[in-house]
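**Q** Output the structure for:
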Amino acid sequence: MPDAIIIGAGIAGIASSIRLAVKGFSVTVFEANEYAGGKLAQIENSGFRFDAGPSLFTMPQYVDELFKLAGKNPSDYFQYEKLEEICRYFYEDGTRISAWSDKYKFAEEIEKKTSDSSSAVLKQLEKSAEIYDITNHIFLEKSLHKLSGYLNLKTLNSIFRFPAIDPFRTMAEANSTQFSDSKTVRLFNRYATYNGSDPYQAPATLNIIPHLEQHFGAYFPHGGMISITRSLVQLAMDVGVKFIYNSPVKEIICEGSQVKGVKVGDKIYHSNLVISNMDVWFTYKHLLKNEISPSGVLNQERSSSALIFYWGIKKQFSELDLHTIFFSEDYKQEFEDIWKNNTISSDPTVYLNISSKYNKKDSPEGCENWFVMINVPSNKGQDWDTLISRARENILNKISANLKTDIRSLIVCEDILDPRSIESKTSSYQGSLYGTSSNNKFAAFLRHSNFSGKVKGLYFAGGSVHPGGGIPLALLSAKIVSGLIK
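**A** Below you'll find the predicted structure:
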């Protein structure tokens with residue numbers, strides 16, 4: 001069998017290994033850490049278990065597809081359930097909105113809690129579906145860097161409908177036109193953060209995201225998000241993939257215009273096929289030592305990062321759900337602080353995930369495991385220790401005021417993840433969560449391709465390349481790479 005080497009056991013690296021093994025390749029995955037999953041990992045502390053990174057699970061069909069491709073029954077490896085209530089939104093004036101998975105119930109909720117009508121919400125969701133219908137075939141499922149990807153009727157039809165994806169307005173402009181109530185506008189603007197972007201700069205094309213969540217649904221994986229990693233690693237091993245941990249790749253070996261393998265420690269592993277699941281910035285800067293870096297791509301604006309507190313809480317709160325958002329009152333100022341001032345807002349929007357709401361084993365009895373996250377700028381050398389200390393106080397004040405409870409006194413354990421540790425643990429340049437940002441209207445076309453145009457046999461998968469960051473898109477990047485390899 002031909003050999004294939006994959007650098008990094010992130011979700012796209014694992015998915016790529018499965019797809020190549022099914023094709024008949026002998027696949028070896030080298031992972032720098034002692035565990036697989038990249039950002040999709042976990043933290044344990046004092047009887048509490050936390051999903052360390054991604055906490056929202058959408059489009060499970062892309063995970064199931066890997067099991068089916070290998071001739072396996074997905075439910076033998078991996079189970080999940082659909083959420084009836086996707087998210088709970090808290091506003092400073094006491095308004096609380098439930099984002100129901102049923103779009104009509106969701107629209108009625110918006111009408112009841114804001115000055116916007118249910119018909120306006122349904123119209124917005126219809127627009128989101130239209131953008132998905134136009135862009136799915138060309139932007140998400142194919143390489144944008146191969147002419148053959150454009151030579152079919154579906155793609156040509158999408159190109160003719162290009163103005164309908166609303167690329168010339170910002171997301172915030174489109175949402176402010178559609179809705180009159182600040183609460184509704186903030187709710188729909190928040191979807192820009194799903195790929196680390198700014199709704200006041202990013203094109204309204206990103207209004208595709210509500211369709212991905214509302215139409216396809218949001219889910220809870222039994223065992224938590226870490227079960228995605230575990231089930232796919234098990235599948236990969238079952239189809240013959242070999243994982244080698246604690247083995248950072250030092251160099252990608254090239255001879256002329258052909259990849260020849262990788263160097264791990266002092267040993268060379270030979271292969272004419274290498275896929276890097278490492279951030280494309282680090283791939284060029286650290287591994288392709290004799291290759292000219294594509295400076296235009298590598299110098300693009302990075303996505304936002306995150307500051308996450310993992311708190312063990314010695315109380316349960318019935319008013320909180322699996323996903324809860326506490327909104328900033330001045331949403332625009334929050335994004336100006338992140339993107340223009342490279343700092344953390346004094347009134348950040350707070351995302352709270354509590355997996356013990358569905359998986360009781362994730363916290364001791366009578367307690368909850370709080371994953372508390374705010375959006376922050378990528379790491380450009382800020383005084384993070386000072387920023388984190390201030391942000392912690394602002395977050396505690398905000399949640400305590402909303403719940404009318406002193407949260408400080410309930411914290412029994414704490415871990416912290418910030419842009420510096422995100423970068424060091426996951427090799428994500430500047431700690432950005434999604435590679436480059438999508439603030440440019442042409443961002444989809446500016447991402448690095450899934451293959452090297454100069455080195456034959458070298459490919460790229462993961463959130464830092466096409467089609468983008470997040471679990472579904474990372475899985476699609478592996479699908480695109482597999483399709484390019486004959």
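
**Q** which SS class is Lys479?
**A** helix (DSSP: H, G, I helix; E, B strand; the rest coil).

**Q** and it, how many residues sit next to it?
**A** Number of residues near Lys479 (other C-beta atoms under 10 Å) recorded here: 23. Just so you know, the C-beta spots here come from the backbone N, C-alpha and C atoms, and that holds for glycine as well.

**Q** do the same with His215
**A** 15.

**Q** Touching, Ile228 and Leu40? I think so.
**A** Yes. Look at Ile228 against Leu40 with C-beta atoms under 8 Å: they come within range, at 6.2 Å.

**Q** Now list whatever residues contact both of these two.
**A** Common neighbours of Ile228 and Leu40 are listed as 11, 471 (criterion: C-beta atoms under 8 Å, 6 or more residues apart in numbering).

**Q** got a list of what Glu34 touches?
**A** Taking C-beta under 8 Å, 6+ apart as the test, what Glu34 contacts is 245-246.

**Q** mind checking which helix or strand of this structure has the lowest mean pLDDT?
**A** helix 153-160 (a mean of 60; mean pLDDT, DSSP states H and E).

**Q** quick one: contacts of the lengthiest helix in the chain?
**A** Using DSSP state H, we find that the single longest helix of the chain is helix 384-403. Helix 384-403 is contacted from outside by 90, 92, 307, 309, 317, 319-320, 326, 343-344, 346-348, 350, 352, 372, 374, 376, 406-408, 416, 418-420, using C-beta under 8 Å, 6+ apart.

**Q** Would you mind listing the buried residues in stretch 60-69?
**A** Going by neighbour count (16 or more other C-beta atoms under 10 Å), the buried part of stretch 60-69 is 60, 62-67, 69.

**Q** Please list the members of the residues you listed that lie in helices.
**A** 62-67, 69.

**Q** got JSON lines for those, with distance to Ile244 and pLDDT too?
**A** Below are these laid out as JSON lines (distance: C-beta to C-beta, whole Å; pLDDT from 0 to 100):
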{"residue": "Tyr62", "distance to Ile244": "26", "pLDDT": "96"}
{"residue": "Val63", "distance to Ile244": "24", "pLDDT": "98"}
{"residue": "Asp64", "distance to Ile244": "27", "pLDDT": "98"}
{"residue": "Glu65", "distance to Ile244": "26", "pLDDT": "97"}
{"residue": "Leu66", "distance to Ile244": "21", "pLDDT": "98"}
{"residue": "Phe67", "distance to Ile244": "24", "pLDDT": "98"}
{"residue": "Leu69", "distance to Ile244": "24", "pLDDT": "97"}
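
**Q** Looking at those residues, which is nearest Asp266?
**A** Nearest to Asp266 among those: Leu66, at 34.3 Å, using C-beta to C-beta.

**Q** Pretty sure that closest one sits against Ala15.
**A** Yes. Leu66 is within contact range of Ala15, at 6.0 Å (criterion: C-beta under 8 Å).

**Q** Overlap in contacts, these two.
**A** Counting by C-beta under 8 Å, 6+ apart, the contacts common to Leu66 and Ala15 are 232, 475.

**Q** Need the three-state assignment for the closest residue to Gly462 other than its chain neighbours.
**A** Using C-beta to C-beta, 6 or more residues apart in numbering and skipping the chain neighbours, the partner closest in space to Gly462 is Ala12 (4.1 Å). Taken by three-state DSSP, the conformation at Ala12 corresponds to helix.

**Q** can you count the residues close to Ala12?
**A** 31.

**Q** sorry, back to before: which one of the ones in helices among the buried residues of stretch 60-69 is nearest Glu31?
**A** Leu66 (18.3 Å).

**Q** Tell me the secondary structure of the nearest residue to Leu417 once chain neighbours are set aside, please.
**A** What sits nearest to Leu417 in space, not counting adjacent residues and going by C-beta to C-beta, 6+ apart, is Ile308, at 4.4 Å. Here Ile308 is recorded as strand under three-state DSSP.

**Q** residue contacts, Ile308?
**A** Contacts for Ile308 (C-beta under 8 Å, 6+ apart) come out as 52, 371-373, 416-418.

**Q** In these, find the pair that's most separated.
**A** Farthest pair in those, by C-beta to C-beta: Phe371 and Asp418, 14.1 Å.

**Q** so who does the residue nearest to Arg49 when sequence neighbours are not counted touch?
**A** With C-beta to C-beta, 6+ apart as the criterion, Arg49 has its nearest non-adjacent residue at 4.6 Å, and that residue is Asp362. By C-beta under 8 Å, 6+ apart, Asp362 lies in contact with 48-50, 224, 355-356, 369.

**Q** what's the answer for Pro248, then?
**A** Applying C-beta under 8 Å, 6+ apart, the residues near Pro248 are 30, 32, 264.

**Q** try 6 Å this time
**A** Residues in contact with Pro248 (C-beta atoms under 6 Å, 6 or more residues apart in numbering) are Ala32.

**Q** where's it relative to Gly8, distance?
**A** 10 Å (C-beta to C-beta, to the nearest Å).

**Q** cool, Pro467 as well?
**A** 18 Å.

**Q** repeat for Leu140
**A** In terms of C-beta to C-beta, Leu140 sits 22 Å off from Gly8.

**Q** What does Glu423 show for phi and psi?
**A** phi -60, psi -50 (degrees, to the nearest 10).

**Q** where in the protein is pLDDT low?
**A** Scanning the chain with the threshold set as pLDDT under 70 gives 1-2, 142, 144-160, 162, 443-445.

**Q** what does the domain assignment say about it?
**A** As given by automatic domain parsing, the domain ranges for the chain are 3-41+55-81+224-301+436-484, 107-216.

**Q** Using JSON lines, lay out the ones you listed together with distance to Ser98.
**A** Shown next, in JSON lines, are those (distance: least, C-beta to C-beta, whole Å):
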{"stretch": "domain 3-41+55-81+224-301+436-484", "distance to Ser98": "16"}
{"stretch": "domain 107-216", "distance to Ser98": "6"}
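
**Q** okay, these, which one's buried deepest?
**A** Stretch with highest mean neighbour count among these: domain 3-41+55-81+224-301+436-484 (a mean of 20; mean count of other C-beta atoms under 10 Å).

**Q** Between its first and last residues, how far does it reach?
**A** The straight-line separation of the ends of domain 3-41+55-81+224-301+436-484 (C-alpha to C-alpha, to the nearest Å) is 16 Å.

**Q** and Leu417, how far is that from Ser26?
**A** The value you get for Leu417 to Ser26, if C-beta to C-beta is used, is 35 Å.

**Q** try Ile485
**A** Applying C-beta to C-beta to Ile485 and Ser26 gives a distance of 14 Å.
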